[in-house]
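> pasting the sequence and the predicted model now:
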Amino acid sequence: MALQRRNNNPRFNRQQEPEHRINDRIRVPEVRLVGDNVETGIYSIGKAREIAEGLGLDLVEISPNAAPPVCRIVEYKKFLYEKKRKEKEMKANAKQSEVKEVRFTPGTDDHDFDFKAKHAIKFLQDGNKVKAYVQFKGRAIMFKDRGELLLLKFAEKLSEYGALEGMPKMEGKRMLVMFAPKTSKKSASKEKEKEKEAK
C-alpha cells in the first residue's frame, strides 16, 4: 500500500523519467537526424541508432513534436550539461527589469533636467526601463509643445544608453515616453570608440 502511494507521487515519477527519450526509448519508425558528425536527413530509427552506436554516442530526441521527431547524435551527459549551462546563463541575463519613472513639469529648469537625466542613465545601465513624463496641471496643458520638446531633448540625452520606444504621447494630463536599456556590450564598444577618437 505504501509503495503504491509513493508511485502516485508526481515528484517520484518525475525523477524516474529521463528528461529526453534516448536510444532504445525512442519508439518511432523514422527520425530527422541532426548533429556535427552526421549528414542531416530522415533515417529509419534502426539506421539512426546504428549511426549513433558507430560513433560511440547517444541518439537523443530533441524535438518530439516535430514530424518526424528530431534527434541529435551526441554524448547525452555532455548534452545535458551544456543545456543546463545555457539555461543558467539565460536566467542570469534575464534579470527582472523594473520600470523606473522620471517626472518633469513644463517649466523644469536645466539643473533639474540634468539631475534627472543622470538618474535615468543609471536606471538604464542597471537594465531597467525608464518612463519619463511631463505632468500638466491646470492651464499648463496649453504648453503641450513645450512638454514634447523637453521629452525629445531628454531622449537625445539618453540616446547612448536607452532606445526610445515611441514618440511622446498624451495619457490624461501627462505626456510620456518609454526607454528600453541598450545592451551593455554596445555601450562598452561605443565608449572604446570614443576613447580611440580622443587619443
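Structure received. Numbers count the residues shown, from 1 in each chain.
> show me the domain layout of the chain.
Per automatic domain parsing, the structural domains of the chain span 20-80, 99-184.
> need the CA coordinates for stretch 42-58. PDB is fine.
The C-alpha coordinates for stretch 42-58 follow below in PDB (Å, rounded to 0.1, in the frame of the first residue of the first chain):
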ATOM      1  CA  ILE A  42      15.400  11.500 -42.400                       C
ATOM      2  CA  TYR A  43      16.500   8.000 -41.300                       C
ATOM      3  CA  SER A  44      14.700   4.900 -40.100                       C
ATOM      4  CA  ILE A  45      15.100   4.500 -36.300                       C
ATOM      5  CA  GLY A  46      17.200   1.400 -36.800                       C
ATOM      6  CA  LYS A  47      19.700   3.200 -39.100                       C
ATOM      7  CA  ALA A  48      19.800   6.300 -36.700                       C
ATOM      8  CA  ARG A  49      20.600   4.000 -33.700                       C
ATOM      9  CA  GLU A  50      23.300   2.200 -35.800                       C
ATOM     10  CA  ILE A  51      25.000   5.500 -36.700                       C
ATOM     11  CA  ALA A  52      24.900   6.700 -33.100                       C
ATOM     12  CA  GLU A  53      26.400   3.300 -31.900                       C
ATOM     13  CA  GLY A  54      29.100   3.500 -34.600                       C
ATOM     14  CA  LEU A  55      30.200   6.900 -33.300                       C
ATOM     15  CA  GLY A  56      30.000   5.700 -29.600                       C
ATOM     16  CA  LEU A  57      27.400   8.300 -28.900                       C
ATOM     17  CA  ASP A  58      23.700   8.600 -27.900                       C
END
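> can you give me the helices in the chain?
With DSSP state H as the criterion, the chain has helices at 2-7, 10-16, 45-54, 76-93, 110-125, 144-158, 184-198.
> low pLDDT regions in this structure?
1-18, 92-97, 140, 183-199 (pLDDT under 70).
> wait, isn't Asp51 in contact with Cys71?
In this structure residue 51 is Ile, not Asp. No. Counting by C-beta atoms under 8 Å, Ile51 does not reach Cys71; the two are 10.0 Å apart. Using the backbone N, CA and C atoms, a C-beta is placed for each residue, glycine as well.
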